[in-house]
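Colleague: Test case, fold it:
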Amino acid sequence: MPRTHSLEKTRNIGIMAHIDAGKTTTSERILYYSGKVHKIGETHDGGAVTDWMDQEKERGITITSACITTEWREHKINVIDTPGHVDFTVEVERSLKVLDGAITVLCARGGVQPQSETVWRQADKYKVPRLVYVNKMDTNDANFYRAIESLRTNLGANPVAVQIPVGDAETFKGIIDLVEMKYYFYNDEKGKDIHVLDIPADMKDKAAEYRTKLLDVVVDYDDALFEKVLGGEEPTIEEIRKAIRTGTLAMKMQPAFCGSSYKNKGVQKLLDGVVDFLPSPLDIPAVKGTNPETEKEEERKADDKEPFSGLAFKVMADRYGELVFFRVYSGIVTKGSYVYNATKDKKERVSRIVVMYANSREEVESAHAGDIVSFIGLSNTTTADTLCDEKKPIVLESMSFAEPVIKLAVEPKTKGDQEKMTMALIKLASEDPTFKVQTDKETGQTIIAGMGELHLEIMIDRMKREFNVEVTPGTPQVSYRETFKKTVESEGKHVKQSGGKGQYGHCWLRLEPLPAGEGFKFVDKTVGGSIPKEYIPAVEKGLIETKASGVLAGYEVVDFQVTVYDGSYHDVDSSEMAFKIAASMAFKDGMRAATPILLEPITRVQVTVPAEYMGDIMGNLTTRRGSIQGTEQSGTTAVVNAEVPLSEMFGYVTDLRSRTKGKGSFTMEVVKYEEVPSYVATKIIEGRAK
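Modeller: This next block holds a predicted model:
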């Protein structure tokens with residue numbers, strides 16, 4: 001099937017923001033104004049196209065990324081609407097990995113909020129150019145200028161207004177385009193009757209001020225424009241747009257737009273910004289990977305003539321089988337063809353190719369470089385796998401995902417549902433890399449782990465609705481970690497003689513603590529063959545297996561380095577198993593002597609309440625071992641920022657509602673691990689011992 005749009009006229013974008021900033025509402029308006037739907041869907045009444053899951057409709061939040069393909073100004077735009085709740089941040093992470101550009105939606109009242117900071121950092125990580133859209137200009141206390149300034153002060157960003165609002169809150173009427181120097185006045189409720197007028201007299205000075213600020217920034221990205229402006233000449237609209245695009249693609253600036261998606265103002269101009277300023281697949285660097293046969297780095301350009309390659313970024317269970325969401329980076333793939341999973345060294349057959357439209361789809365014959373599609377019929381492909389041409393294999397850079405921070409035991413309500421529950425959990429875990437399932441070796445219980453209470457609540461609800469399995473959950477448990485404070489040296493010696501061939505493994509280890517977040521590092525400094533090189537991997541493997549269960553309470557040990565520097569072996573009795581056991585013995589003995597400590601996850605909490613409740617909320621957070629980081633007050637609304645141990649936040653939503661008569665809200669995300677106070681650690685260790 002021939003390509004429908006050139007690569008130059010293709011945009012792959014994501015919409016990302018803090019919860020309740022209006023991402024999904026903005027996505028719905030994009031669908032409406034681009035002609036994809038003829039009726040506007042709303043999140044609050046469960047009618048949003050992109051929030052298609054039952055749980056999303058009931059809660060009015062986005063849980064899973066929804067992929068939509070639409071058109072604007074003869075450009076094909078693949079849009080991924082991502083969740084704003086921190087429990088589902090994996091959806092943002094894997095979407096940004098395969099996107100070329102993004103729209104960051106800010107609330108005109110709240111500006112940068114905790115999750116907007118998280119998604120901004122994720123976009124930085126994957127080098128994704130972005131636009132800023134200040135939404136909700138119709139709400140009380142809306143302030144476009146304060147919102148974009150919060151990006152500058154909180155994130156070190158460089159937002160540059162390409163529009164300014166005319167009015168705010170109830171008086172928000174329209175937008176002044178600083179490139180065209182025209183006033184876009186919205187004359188109807190649907191936002192389709194737009195009058196392009198001269199700038200109102202009372203706004204001319206402000207428009208001139210912000211036009212000058214815009215030019216002062218963009219002339220740095222175009223020498224010809226710089227010379228023209230310096231000489232006092234008036235630049236053309238196209239010259240300014242070209243310079244804005246250059247600065248945006250270089251990630252030196254972020255064009256800032258404004259509007260009210262709910263009131264149908266500003267979205268068409270935002271779509272113009274997507275076409276004018278965000279990259280096509282031709283504007284991003286060629287994707288790089290490793291040839292699994294030669295282990296040399298190779299690259300694939302965005303070109304249909306290049307060998308086929310791409311990345312699976314999401315797997316979703318479907319009534320027709322598993323859907324694998326896929327970004328094609330190079331080449332062409334046709335339905336019914338065989339492809340090579342270079343990550344798993346397996347051949348796969350692509351039975352069908354579909355273009356997604358939230359939870360509905362359109363079947364196509366082929367997919368081309370730059371496309372985002374879904375494959376049906378793959379049996380071995382999971383998130384972050386590379387599919388490619390078998391004759392030109394490549395493994396693209398994978399993705400890393402956060403480890404779960406909360407877990408609980410589940411059991412089926414009826415014994416006959418045990419197998420159904422197991423199959424459901426396997427399916428759900430294959431979809432979501434941050435959802436883990438394991439069996440407790442001591443109790444035999446099934447343990448599920450995830451990113452928060454809501455994450456696990458949704459998974460349990462999905463088991464009931466999608467797999468017809470009801471389960472009884474236990475009490476949520478925090479995923480603590482262990483580490484140690486001192487550097488020590490420790491000997492491990494495993495000698496066993498039982499008639500026939502014996503076992504002999506002997507090593508000396510140096511255990512050293514590392515800064516938070518450094519993980520585990522292994523160093524070999526043996527000399528003179530004290531331990532033969534073929535046994536060194538066994539020492540490392542023994543450490544990796546042993547660190548999964550620390551000496552205090554059996555939690556994973558993190559942030560340390562182990563150096564093996566000496567040992568001995570026996571010509572006949574030494575084996576890999578013997579050295580694994582010796583390393584395990586040395587590590588456990590060494591850790592006991594190295595002042596072991598427990599670590600707990602600390603959350604960043606932002607609570608928004610009527611100002612009259614601020615004192616009570618601060619006091620309550622303090623009793624939860626929280627540390628108040630700051631407060632803000634705007635009108636009758638107060639915001640309290642704090643850092644609180646995750647273990648103290650269970651059930652907080654109910655407590656907050658009762659204290660504020662249902663008027664309070666909060667957001668929470670895990671930001672770091674810190675040492676547990678000794679009196680708390682003692683209780684945790686005693687509880688684990690029981």
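Colleague: And the pLDDT for residue 59?
Modeller: For residue 59, the pLDDT comes out at 45.
Colleague: go on, residue 44?
Modeller: pLDDT for residue 44: 44.
Colleague: And for residue 211?
Modeller: 97.
Colleague: Wait, it touches residue 182, no?
Modeller: No: under the contact definition of C-beta atoms under 8 Å, residue 211 does not touch residue 182, with a separation of 11.5 Å. Heads up, the C-betas are built off the backbone N, CA and C, glycines and all.
Colleague: Of those two, which one has the most company?
Modeller: Neighbours of residue 211 and residue 182, each counted by other C-beta atoms under 10 Å, are more numerous for residue 211; the result is 20 against 16.
Colleague: Check which helix or strand that one maps to.
Modeller: Here residue 211 is covered by helix 204-218, with elements defined by DSSP states H and E.
Colleague: just residue 243 next, same as before
Modeller: Residue 243 is part of helix 237-249, with elements assigned from DSSP H and E.
Colleague: how far is that helix from where the chain is centred?
Modeller: Relative to the centre of its chain, helix 237-249 is centred 29 Å away, using C-alpha atoms, centre = their mean, to the nearest Å.
Colleague: buried stuff in that helix?
Modeller: For helix 237-249, the neighbour count (16 or more other C-beta atoms under 10 Å) marks 239, 240, 241, 242, 243, 244, 245, 246, 247, 248, 249 as buried.
Colleague: what about the helices in the stretch 401-550 of the chain?
Modeller: For the stretch 401-550 of the chain, helices defined by DSSP state H, counting those that start in this stretch occupy the ranges 418-431, 453-467, 536-546.
Colleague: mind listing the strands for the stretch 501-650 of the chain?
Modeller: Read by DSSP state E, counting those that start in this stretch, the stretch 501-650 of the chain holds these strands, from start to end of the chain: 503-513, 520-524, 560-568, 596-610, 627-634, 637-645.
Colleague: out of those, which comes closest to residue 422?
Modeller: Taking C-beta to C-beta as the measure, the strands of the stretch 501-650 of the chain were each checked against residue 422, and strand 596-610 came out nearest at 27.9 Å.
Colleague: which parts of the closest one are buried?
Modeller: Residues of strand 596-610 classed as buried under the neighbour-count rule (16+ other C-beta under 10 Å) are 596-609.
Colleague: again with stretch 22-37
Modeller: Of all the residues in stretch 22-37, those buried under the rule 16+ other C-beta under 10 Å are 22-34, 36-37.
Colleague: among these, which two are most distant?
Modeller: 22 and 36 (18.5 Å).
Colleague: tell me the secondary structure for the closest residue to residue 99 other than its chain neighbours?
Modeller: Counting by C-beta to C-beta, 6 or more residues apart in numbering, residue 99 lies nearest to residue 14, which is 4.6 Å off, once chain neighbours are set aside. Recorded secondary structure, residue 14: strand (DSSP: H, G, I helix; E, B strand; the rest coil).
Colleague: Look up the residues forming beta bridges with residue 316.
Modeller: Beta-bridge pairing of residue 316 under DSSP bridges involves residue 323.
Colleague: any weak-confidence spans in the protein?
Modeller: By pLDDT under 70, the low-scoring segments of the chain are 1, 38-39, 41-66, 83-89, 317-321, 358-359, 442-443, 498-500.
Colleague: hey, which helix is longest across it?
Modeller: Among all segments of the chain classified by DSSP state H, the helix with the greatest residue count is helix 576-593.
Colleague: Other residues contacting that one?
Modeller: Helix 576-593 has contacts (C-beta atoms under 8 Å, 6 or more residues apart in numbering) with 484, 486, 488-494, 496, 503-509, 511, 531, 534-535, 537-543, 545-547, 550-551, 557, 562, 564, 567.
Colleague: let's see it at 6 Å
Modeller: Taking C-beta atoms under 6 Å, 6 or more residues apart in numbering as the criterion, the residues outside helix 576-593 that touch it are 484, 488, 490-492, 494, 503-507, 509, 511, 535, 538-539, 541-543, 546, 551.
Colleague: Show me what counts as buried in it.
Modeller: Buried residues in helix 576-593, defined by neighbour count with 16+ other C-beta under 10 Å: 578-591.
Colleague: which pair in those spans the largest distance?
Modeller: In the buried residues of helix 576-593, two members sit farther apart than any others by C-beta to C-beta. They are 578 and 591, at 20.8 Å.
Colleague: Once you drop chain neighbours, what's closest to residue 228?
Modeller: With C-beta to C-beta, 6+ apart as the criterion, residue 228 has its nearest non-adjacent residue at 5.4 Å, and that residue is residue 235.
Colleague: Give me the neighbour count for that neighbour.
Modeller: When neighbours are counted by other C-beta under 10 Å, residue 235 comes out with 20.
Colleague: Distance of it relative to residue 276?
Modeller: 15 Å (C-beta to C-beta, to the nearest Å).
Colleague: Repeat that for residue 201.
Modeller: Using C-beta to C-beta, which is the criterion applied here, residue 201 is 28 Å from residue 276.
Colleague: Please work out how many residues are found near residue 285.
Modeller: Residues near residue 285, counting by other C-beta under 10 Å, number 9.
Colleague: Torsion angles phi and psi at it?
Modeller: The main-chain torsion angles of residue 285 are listed as degrees, to the nearest 10 and equal phi -60, psi 150.
Colleague: how close does the residue nearest to the spatial centre of the chain get to residue 126?
Modeller: Within the chain, one residue has its C-alpha closest to the average C-alpha position: by C-alpha atoms, centre = their mean, that is residue 93, at 2.6 Å. The gap separating residue 93 from residue 126 is 9 Å, by C-beta to C-beta.
Colleague: again with residue 520
Modeller: Computed with C-beta to C-beta, the distance linking residue 520 and residue 126 is 25 Å.
Colleague: What of residue 120?
Modeller: Shown here: residue 120 relative to residue 126, a distance of 11 Å by C-beta to C-beta.
Colleague: try residue 403
Modeller: In this structure, residue 403 and residue 126 are 20 Å apart, going by C-beta to C-beta.
Colleague: could you pull out the helices for the stretch 1-150 of the chain?
Modeller: According to DSSP H, counting those that start in this stretch, the helices that the stretch 1-150 of the chain contains are 23-33, 54-59, 89-98, 114-125, 144-155.
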